[in-house]
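Enquirer: quick one: sequence plus predicted model below, questions after.
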Amino acid sequence: MAQVTLERVGQPALPDLDRQRGGLWRILREIGLLALLFGVYNLGRFLSAEHAGSAFRHAHELIGWEARLGLPSEASIQHHALAIDGLARVANVFYASVHFPLTAAVLLWLMIRRPAAYGKARWALASLTGLALIGHMFFPLAPPRMMPGWVDTGVLLGQSVYGPSTDSGVANQFAAMPSLHVGWAFLVAVVLIRATRSRWRWLWIAHPVLTFTVVVVTANHYWLDGLVAIALAVPVLLIFDSSSSARTRKGARSTTDRAVAAPMSNQSPISSSRP
């Protein structure tokens, strides 16, 4: 008597159209998540925008801290930069047009081409933004362009993204500490250097360096604003990197355990035996 064993046939693969729809839905979902994060961040900025008095007091205190630390004067650096024809105008354009669009473009590229790195970058960026929001709410800080000795290059050249006064524009102008311009640029550079293999990837170091220079030349941030942002970004990157590595090791162990536990069989999908 013959005995026939049939192997269960798996479910057919999803059609290409369904996979495309799933990929598009994932992109739209992530864009919505980032938009929600940006909205919550701006809400917090508005909530902290009423503390003008403490913002200017904190600015005077921070300028004193920088002097005691021996940091070079941002006002002096700006004075020399303004002597170079066209430099301030280029710096204003960089400040207004690179920060958010480049960060969004990098996240979109990671989502499509480096999905494993994207998850880590997204949550690192969200965590740094949350920490910055706490800083903006509990330590409102007037930027140097509002202080005597500095020049508001945006207003001077008609390129201001904020407006001529502290009440104009849609953004909280007392959210200088820490600098998300510098913090985001640092995160973008580190993530792209680690996620790519091109020999040119190290040029991404120029992004946070240029950003730091621009925010000082345009008098939008102090040295300590950028240094604190980098100090916050480093542990955030380490935390998400270690958690990602732990998940990878756990997944590898689970796969190995299943492979070892799986019964070894040389039986073909359709076999016959006779008594």
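Expert: Here it is on my side, so go on.

Enquirer: model confidence over the helix or strand containing residue 209, on average?
Expert: Following DSSP states H and E, one finds residue 209 within helix 206-217. Mean pLDDT, computed over helix 206-217, is 97.

Enquirer: now stretch 36-52
Expert: Per-residue scores along stretch 36-52 average to 66.

Enquirer: got it, and stretch 122-130?
Expert: The model assigns stretch 122-130 a mean pLDDT of 90.

Enquirer: ranges for the strands of this structure?
Expert: For the chain, applying DSSP state E gives strands covering 3-5, 271-273.

Enquirer: which of these has the lowest mean pLDDT?
Expert: strand 271-273 (a mean of 44).

Enquirer: surely residue 131 is in contact with residue 233?
Expert: No. Using CB atoms under 8 Å, residue 131 is not in contact with residue 233, being 9.0 Å away. Every residue, glycine included, has its C-beta placed from N, CA and C.

Enquirer: the more surrounded of those two?
Expert: residue 233 (25 against 19; other CB atoms under 10 Å).

Enquirer: and the more buried one, how far from residue 227?
Expert: 11 Å (CB to CB, to the nearest Å).

Enquirer: now swap in residue 30 and tell me
Expert: Note on residue 30: its distance to residue 227, by CB to CB, is 31 Å.

Enquirer: same question for residue 121.
Expert: 22 Å.

Enquirer: of these two, who's got more company?
Expert: Counted by other CB under 10 Å, residue 121 and residue 227 do not tie: residue 121 has more neighbours, with 24 against 17.

Enquirer: quick one: contacts for the more buried one?
Expert: Neighbour list for residue 121: 106-107, 110, 187, 191, 195 [criterion: CB atoms under 8 Å, 6 or more residues apart in numbering].

Enquirer: quick one: which of the residues you listed is most hemmed in?
Expert: So for those (other CB under 10 Å), the most neighbours sit at residue 187, 26 neighbours.

Enquirer: thought residue 234 was touching that one, still the case?
Expert: No. Using CB under 8 Å, residue 187 makes no contact with residue 234, being 9.8 Å away.

Enquirer: tell me who's in contact with the residue nearest to residue 153 when sequence neighbours are not counted.
Expert: Residue nearest to residue 153 in three dimensions, not counting chain neighbours: residue 88, with 4.4 Å by CB to CB, 6 or more residues apart in numbering. Residues near residue 88 by CB under 8 Å, 6+ apart: 81-82, 153, 156-157, 217-218.

Enquirer: residue 186: neighbouring residues, count only.
Expert: Neighbours of residue 186 (other CB under 10 Å): 25.

Enquirer: residues in contact with it?
Expert: So residue 186 contacts 208, 229-230, 233 (CB under 8 Å, 6+ apart).

Enquirer: so which of the residues you listed comes closest to residue 177?
Expert: residue 229 (8.7 Å; CB to CB).

Enquirer: dump the residue contacts of the closest residue to the closest one other than its chain neighbours.
Expert: Distances taken as CB to CB, 6+ apart place residue 183 nearest to residue 229, at 3.4 Å, with adjacent residues excluded. By CB under 8 Å, 6+ apart, the contact list for residue 183 reads 128, 132, 226, 229-230, 232-233.
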